[in-house]
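**Q** Predicted coordinates and the sequence they were generated for:
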Amino acid sequence: MVPMDVKEIYDLMKKTPTEADKKLIKKALDFATEAHKTQKRFSGESYIVHPFEVAKILADMRTDPETIAAGLLHDTYEDGHVSLEDVEKNFGKDIAFMVDGVTKLGKLRYQGLERHVESLRKLFIAMAKDIRVILIRLADRLHNVRTLEHVRPDKQKRIALETLEIYAPLANRLGVWKIKGLLEDAAFPYAYPEDYKKVTALRKTKGKETIKKLEKVYRSLSKEAANQGMTNIQIDYRIKYLYSLYLKLKLKDMDIDKIYDISALRVIVPTIGDCYKVLGMVHSLWTPVPDRLKDYIATPKPNGYQSIHTAIFTGDGNVAEIQIRTEEMHREAQYGVTSHILYDEHGKARSKLKSDKKTSWIRELLDWHKKIDSHEEFLDSLKTDLFQDRIFVFTPKGDVIELPKGASPIDFAYAIHTDIGDHASGAMINGKFSSLDTPLKNNDLVLIEVKKNSKPSNKWLGFTKTTFARKQIKNFLAEGKKIKN
Ligand code: MN
């Protein structure tokens, strides 16, 4: 067997690894190689290929050295005849905890509702203790779907669907968008083979065309940047992920000519000042398309996304999309939560979730779910709270409240404060009086009217989506009954 080259991992890491980092990762690789030495994968390859590839995905995700080491070790304890004590003795408590967490999550296969729910519950508990366990699990899943060709056909479909329905949404909610895109594109051909063929063909023809257009723009822009003395500028193209193109196509009757952002030119520069300088350059070289300029640097999207987007007439009857951002914004757009929670200012790894707005929903979700007993209820609430599309609604003070699609002013009121929910009597949506059952839309500005003697009624449950609000209403109604009796 050809031994794995540990340098491939070092090369992918965020920062040049220190000698201590290297020692740790090398030791984990040697330990895993030894533990798996007699095992083979379905493909016939040595088993170590799998943890090695998982570690590479983690390094590319910019996780810290401990997470990469745990990624190398993640299957040793389950498959490799190694005890958890061995792992702890060699690598310490934190890494052993991660390995144990990933193993426990992996043991549960999604067979039937009961076990499905139980594993999701475990996922959340693990997430609360150390979110890095989830990142390893996502990397593990990514490598497994990438190698699905070696698996039995009936299993392929199940794993692919599960990836699209559970893992990709989870990556999405954690903001690791690159992993979400990769998971979806790897699972797509096995989940919906016919549609996959169609979309691939569409993208191939259309993609070639748009790339040609972008190449011209690319050359002119690079030249102008050089003329103006901007040397630290990276320009490349981005083509939309296949599965997200598919979802968009489904909304547009599969007509690819109705999709404008199939590809875009991406410009990455060192500072925010440079971003605006590039924007000025672009708009002086080409005529901008009216209303397509979006400055998400000055006003970031509610999920934190930052970039300047614009579109230009290229002069030959075409339109090109251009995105401008700093290095840091680019990293965040790809790795979301991981680029925030894994390193503190000193570059030291953090294992616990910090009280950070971007991760607060995880903790809130956990608190509510702790109080839910029945499995069905848990699954239902997960579907709405985690996996459904989210909307962002504003309070009059400008705070952003994140809610599931279809949420009502009641959900909004409870998200602000239980007392406001309990006494809501009406709502002003974008300055208009509206009834409490009006479905809220993205970017609505909502003010809740409160009256002392207003109180929750059974009817409210008919238009309330969030687990938290439903729970509060039910509590209120149950207590009312108690007092009457
Ligand atoms: Mn694995």
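**A** Nice, thanks for sending it over.
**Q** Only alpha carbons, please: show stretch 451-462 as PDB.
**A** Output in PDB follows, covering the C-alpha atoms of stretch 451-462 (Å, rounded to 0.1, in the frame of the first residue of the first chain):
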ATOM      1  CA  LYS A 451     -53.600  44.900  25.100                       C
ATOM      2  CA  LYS A 452     -53.600  44.000  28.800                       C
ATOM      3  CA  ASN A 453     -56.700  41.800  28.500                       C
ATOM      4  CA  SER A 454     -55.900  40.100  25.200                       C
ATOM      5  CA  LYS A 455     -54.900  36.500  25.500                       C
ATOM      6  CA  PRO A 456     -54.100  33.400  23.500                       C
ATOM      7  CA  SER A 457     -56.900  31.400  22.000                       C
ATOM      8  CA  ASN A 458     -57.200  28.000  20.400                       C
ATOM      9  CA  LYS A 459     -57.600  29.700  17.000                       C
ATOM     10  CA  TRP A 460     -54.000  30.900  17.200                       C
ATOM     11  CA  LEU A 461     -52.700  27.400  16.900                       C
ATOM     12  CA  GLY A 462     -54.200  27.400  13.400                       C
END
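**Q** next one: it to chain centre, how far?
**A** Mean-position distance between stretch 451-462 and its chain equals 35 Å (C-alpha atoms, centre = their mean, to the nearest Å).
**Q** for the chain, which spans come out with low pLDDT?
**A** Across the chain, the ranges flagged by pLDDT under 70 are 1-2, 79-80, 105-129, 302-304, 336-390, 398, 481-485.
**Q** Give me the helices and strands touching the longest helix along it, please.
**A** Looking across the chain with DSSP state H, the single longest helix is helix 193-227. With contacts taken as 3 or more C-beta pairs under 8 Å, 6 or more residues apart in numbering; DSSP states H and E, helix 193-227 sits against helix 177-191, strand 234-239, helix 242-251, strand 263-269, helix 272-285, strand 319-326. Bear in mind the C-beta positions are built from the backbone N, C-alpha and C, glycine included.
**Q** what comes up buried for that helix?
**A** In terms of neighbour count (16 or more other C-beta atoms under 10 Å), helix 193-227 has its buried residues at 195-196, 199, 202-203, 206-207, 210, 213-214, 217-218, 220-221, 225.
**Q** which element is the residue in the stretch 151-300 of the chain that the ion sits nearest to on?
**A** Nearest to the ion in the stretch 151-300 of the chain, going by C-beta to the ion, is Ile159, at a distance of 12.5 Å. Secondary structure from DSSP states H and E places Ile159 in helix 153-162.
**Q** Give me the helices and strands touching that helix, please.
**A** Contacts defined by 3+ C-beta pairs under 8 Å, 6+ apart place helix 153-162 against helix 132-146, helix 177-191.
**Q** Let me know the angle separating the last one from helix 153-162.
**A** Just to be clear, that refers to helix 177-191. Here helix 177-191 runs at 140 degrees with respect to helix 153-162, directions being taken by axes from the mean of the first three to the mean of the last three C-alpha atoms, to 10 degrees.
**Q** Tell me which residues are up against helix 177-191.
**A** 57, 61, 138-139, 141-142, 145-146, 148, 156-157, 159-161, 163-164, 167-169, 171-172, 195-196, 199, 241-244, 246, 333-336 (C-beta atoms under 8 Å, 6 or more residues apart in numbering).
**Q** Fine, thanks again, bye for now.
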